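**Student:** Need coordinates for the below:
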Amino acid sequence: MATKQLQKFDVFCRHNIVLPVTQPILERAADLWALGKRGGHPNCDADLLIAAAALEQKLVLATGNTSHFFWIPN
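**Tutor:** Numbers count the residues shown, from 1 in each chain. Sure thing, here's the model as predicted:
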């Protein structure tokens, strides 16, 4: 089972850009966490890192899970 999952993940990585988690991304995620906490919004760490990476890299975040991201500015 794990072998199949690793193979699928390998294919995914070969067809996508995998961004490193940098210090600026971590700081932006912390800012988003604080903003979300004040506003009573979801604050899943993985979602905050995804949003922070997109913001720091000036990328568009495409998701089918808009309920976790709608409150994030920009």
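**Student:** Only C-alpha atoms from now on, for both contacts and neighbour counts.
**Tutor:** Fine.
**Student:** In what element of secondary structure is the residue nearest the centre of the chain found?
**Tutor:** When CA atoms, centre = their mean is applied to the chain, the residue found nearest the centroid is I50 (0.9 Å). Secondary structure from DSSP states H and E places I50 in helix 45-56.
**Student:** Can you give me the buried ones in that helix?
**Tutor:** 47-55 (16 or more other CA atoms under 10 Å).
**Student:** what's the pLDDT at M1?
**Tutor:** We note a pLDDT of 69 for M1 in this prediction.
**Student:** picking that back up, with only the CA atoms kept, save the helix holding I50 in PDB.
**Tutor:** Provided in PDB are the C-alpha atoms of helix 45-56 (Å, rounded to 0.1, in the frame of the first residue of the first chain):
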ATOM      1  CA  ASP A  45      -1.800  24.600   9.700                       C
ATOM      2  CA  ALA A  46      -1.500  23.000   6.300                       C
ATOM      3  CA  ASP A  47      -4.000  25.300   4.700                       C
ATOM      4  CA  LEU A  48      -2.200  28.300   6.200                       C
ATOM      5  CA  LEU A  49       1.100  27.100   4.800                       C
ATOM      6  CA  ILE A  50      -0.500  26.600   1.400                       C
ATOM      7  CA  ALA A  51      -2.000  30.100   1.400                       C
ATOM      8  CA  ALA A  52       1.200  31.700   2.800                       C
ATOM      9  CA  ALA A  53       3.300  30.000   0.000                       C
ATOM     10  CA  ALA A  54       0.900  31.300  -2.700                       C
ATOM     11  CA  LEU A  55       1.000  34.800  -1.300                       C
ATOM     12  CA  GLU A  56       4.700  34.900  -0.900                       C
END
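**Student:** Quick one: residues in contact with it.
**Tutor:** Contacts with helix 45-56, where a contact means CA atoms under 8 Å, 6 or more residues apart in numbering, come from 19, 21, 24-26, 28-29, 32-33, 60-61, 68-69, 72, 74.
**Student:** can we see that at 6 Å?
**Tutor:** 25, 28-29 (CA atoms under 6 Å, 6 or more residues apart in numbering).
**Student:** Cool, thanks, talk later.
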